[in-house]
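A.B. asks: here's a sequence, model it:
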Amino acid sequence: MRQKQRHPFQSMAIMYAILSQLAGSVLIGIFAGRWIDGYVHSAPLFLIIGLLIGLSAGIFGMLKLVRHYFLGD
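C.D. replies: Model prediction:
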């Protein structure tokens, strides 16, 4: 089975897309958790929940992006 030759910029683009997907979703989860903590006056409960939700959303999005990159040609 022959693999397609990819341009080096495509590899850089997928790397930056993965980075922005993970960092963005984690930051959104953290800031949403902090906002809910300030609104409800709970300590770091929603911060931790937001962090975990953001991390799981980032990993799910990253897997979807990589699957699209390798299978969606």
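A.B. asks: contacts and neighbour counts: CA atoms only from here.
C.D. replies: Will do.
A.B. asks: please name the nearest non-neighbouring residue to A57.
C.D. replies: With Cα to Cα, 6 or more residues apart in numbering as the criterion, A57 has its nearest non-adjacent residue at 6.5 Å, and that residue is S25.
A.B. asks: that neighbour: neighbouring residues, count only.
C.D. replies: By other Cα atoms under 10 Å, 20 other residues sit near S25.
A.B. asks: can you give me the pLDDT of it?
C.D. replies: For S25, the model assigns a pLDDT of 95.
A.B. asks: repeat for H7
C.D. replies: For H7, the model assigns a pLDDT of 78.
A.B. asks: tally of neighbours for it?
C.D. replies: Quick note: H7 (other Cα under 10 Å) scores 8 neighbours.
A.B. asks: likewise G54?
C.D. replies: 25.
A.B. asks: the residue nearest to A57 against I59, yeah?
C.D. replies: No - using Cα atoms under 8 Å, S25 is not in contact with I59; the gap is 9.1 Å.
A.B. asks: using PDB, write out every CA atom in stretch 8-19.
C.D. replies: Extracted C-alpha coordinates of stretch 8-19, given in PDB (Å, rounded to 0.1, in the frame of the first residue of the first chain):
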ATOM      1  CA  PRO A   8       5.800  19.600   5.200                       C
ATOM      2  CA  PHE A   9       3.500  22.500   5.700                       C
ATOM      3  CA  GLN A  10       0.600  20.100   6.100                       C
ATOM      4  CA  SER A  11       2.400  18.400   9.000                       C
ATOM      5  CA  MET A  12       3.100  21.800  10.600                       C
ATOM      6  CA  ALA A  13      -0.600  22.700  10.100                       C
ATOM      7  CA  ILE A  14      -1.800  19.600  11.800                       C
ATOM      8  CA  MET A  15       0.600  20.100  14.700                       C
ATOM      9  CA  TYR A  16      -0.600  23.700  15.300                       C
ATOM     10  CA  ALA A  17      -4.200  22.600  14.900                       C
ATOM     11  CA  ILE A  18      -3.800  20.000  17.600                       C
ATOM     12  CA  LEU A  19      -2.000  22.500  19.800                       C
END
